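Novice: Just the structure for this:
(chains A and B)
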Amino acid sequence: KAGVTQTPRYLIKTRGQQVTLSCSPISGHRSVSWYQQTPGQGLQFLFEYFSETQRNKGNFPGRFSGRQFSNSRSEMNVSTLELGDSALYLCASSLRQGPGETQYFGPGTRLLVL
Amino acid sequence: GESVGLHLPTLSVQEGDNSIINCAYSNSASDYFIWYKQESGKGPQFIIDIRSNMDKRQGQRVTVLLNKTVKHLSLQIAATQPGDSAVYFCAENPNTDKLIFGTGTRLQVFP
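Specialist: You can find the predicted model right below:
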């Protein structure tokens, strides 16, 4: 069974631009979560989607948004990019929503904002 | 492919020795814990998990120990190999949908 896939793997943008990242979960998994990883802050939760609805959200500004499609694929969008948004963005999928569900991660999208 | 903190605690072990990586978690309500391994340029890879109704769980060459009294989690790797070199994260699941990650420990295996 294929793992979580994320596209693109690498991205360079400039301040003020917007970016859309894509995540395809493991087949059959219906919950998708997004995390930001930076050297200074570590791994931080962005949001989680299940059945096309955002179920949980971390402490990030409204510039960060996401959505989930009926096939469970998810996208996240960051508008008005700032230098501090440079990070590795990780997507994780799990079979179901809820605590205690093992999350499996994709390879991440490395975003560099210049 | 640097993707983790620059000032992580580091554990250096010789190939063949056993490794013990420790983690203190914060939320006494957490009832599910996971250890992930992250190699340079890759996403975190699931290693082993444990629920709060257990205090020990074994996998292939790995054992996770949970001490709820002091909110401490450890990962033991037997016969450490060069391929075990990575950053290891513990994560807790405090009865919500999100995981809270520790800062990570870098494991270096030398011959």
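Novice: Let's see the pLDDT reported for A:Gln36.
Specialist: pLDDT for A:Gln36: 96.
Novice: For the chain, which residues score under the pLDDT cut-off?
Specialist: Since no chain was named, I'll use chain A. Counting by pLDDT under 70, the low-confidence segments of chain A come to A:1.
Novice: was after chain B, sorry
Specialist: Chain B contains residues with pLDDT under 70 at B:1-7, B:95-97.
Novice: and A:Thr5, how many residues sit next to it?
Specialist: Counted with other CB atoms under 10 Å in any protein chain shown, the neighbours of A:Thr5 add up to 16. The way it works is simple: take the backbone N, C-alpha and C, and place the C-beta from them, glycine included.
Novice: so who does it touch?
Specialist: A:Cys23, A:Ser24, A:Gly106, A:Pro107 (CB atoms under 8 Å, 6 or more residues apart in numbering or on different chains).
Novice: Give me the nearest residue to residue 68, chain neighbours excluded.
Specialist: If you meant another chain, say so; for now it's chain A. A:Tyr49 (3.7 Å; CB to CB, 6 or more residues apart in numbering or on different chains).
Novice: that's the wrong chain, I meant chain B
Specialist: Leaving aside its sequence neighbours, B:Lys68 sits nearest to B:Ser52 (CB to CB, 6+ apart; 6.2 Å).
Novice: And that neighbour, how far from A:Gly100?
Specialist: Distance from B:Ser52 to A:Gly100, counting by CB to CB, to the nearest Å: 10 Å.
Novice: and what of A:Thr109?
Specialist: Taking CB to CB, one finds A:Thr109 at 27 Å from A:Gly100.
Novice: between these two, which one's more packed in?
Specialist: A:Thr109 (22 against 15).
Novice: Touching, that one and A:Ile12? I think so.
Specialist: No: checked against CB atoms under 8 Å, the pair A:Thr109 and A:Ile12 is beyond contact range at 11.5 Å.
Novice: which parts of chain A sit against chain B?
Specialist: With CB under 8 Å from any CB of the partner chain as the criterion, chain A meets chain B at residues A:4, A:31, A:33, A:35, A:37, A:39-40, A:42-45, A:48, A:50, A:55-56, A:58, A:88, A:90, A:92, A:97-108, A:110.
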